[in-house]
Structure formats: structure tokens, C-alpha cells
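turn this into a structure:
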Amino acid sequence: QVQLAESGGGLVQAGGSLRLSCTASRDTFSSYGMGWFHQAPGKEKEFVAAITWSGSGTDYADSVKGRFTISRDNTKNTGFLQMNSLKPEDTGVYYCAAVRGGPWLIRRSGRYDYWGQGTQVTVSS
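Next up is the predicted model:
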């Protein structure tokens, strides 16, 4: 069992930046792929970004390419989502998720094994 805890959300003006963190409860975090998902008000969770267990591979939704960067520090059992040039449509709850196994880059939320509780991001226009 892995517990994930997100932090770093908040209120920011359009064009601003935030850095989300996702801290795992176990030091086996390095054996899990990780993803970030966004849930806007009244909508389903959508894929944002994914990173392999080693950090060597990444994948992004088209809507965030060039603006967001996913990374991880396995020595600290922590993943990150750096969000720049934020837009009002980025508003919502951001969840991190972890998946056991190989060096996968997974976009489907149903494939992830563990989820954090989410952190709220609000971008004002």
C-alpha cells in the first residue's frame, strides 16, 4: 500500500506559476510510475502528465505541453508538477497517482493503483 499526499495548490493569476508536490509514504516509490490528473468543476478527471519510475520518460497532454513539467526525486519519494503560464481553464483539483510495475507512461486513470486526495488550483483571469 502506498499513500500519496499532494501539496502546493492555491490561487494564482493567469500567467502565473505553481509547483505541485506529491509525496509517497514508502521508499519503494522508485518502483512506481507516476501521473498527474486534473478534474475541473463538473467534469471527469483528465490526464495531465506521466513519468516513468526512473524519470527517464515523460508524457503530456497536448493542452499542457510547453507549459507544465513533470519530474520526480526518488531519493525523497516525491514527484512534482511545475505549472507555468497558467490559464483559467487549468482551474480544478489536481491528483497524483502511482502505478506498480514497469516503465510505463499511462494516460488512463483506471490503470493507476494509488491516488492522492487532491490539491485545489484556482487560476483567476
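
contacting residues for Pro103?
For Pro103, the contact set (CB atoms under 8 Å, 6 or more residues apart in numbering) comprises Gly33, Thr52, Trp53, Ser54, Ser56, Gly57. All C-beta atoms are positioned from the backbone trio N, CA, C, and that covers glycine.

and Thr23, by the same measure?
Residues in contact with Thr23, defined by CB under 8 Å, 6+ apart, are Leu4, Ala5, Ser7, Lys76, Asn77, Thr78.

one more time with 10 Å
Gln3, Leu4, Ala5, Glu6, Ser7, Phe29, Lys76, Asn77, Thr78, Gly79, Cys96, Gly116 (CB atoms under 10 Å, 6 or more residues apart in numbering).

tell me what it is bridged to.
Taking DSSP bridges as the rule, Thr23 bridges to Ala5, Thr78.

circling back: so for the contacts of Thr23, which is the shakiest by pLDDT?
Across the contacts of Thr23, the smallest pLDDT goes to Phe29, namely 86.

what are the phi and psi values at that residue?
Backbone torsions for Phe29, taken as degrees, to the nearest 10, come to phi -50, psi -30.

out of everything not next to it in sequence, what's closest to the residue nearest the centre of the chain?
Nearest to the mean C-alpha position of the chain, by CA atoms, centre = their mean, lies Trp36 at 2.5 Å. Sequence neighbours aside, Val48 is the residue nearest to Trp36 in space, at 4.3 Å (criterion: CB to CB, 6 or more residues apart in numbering).

many thanks, have a good one.
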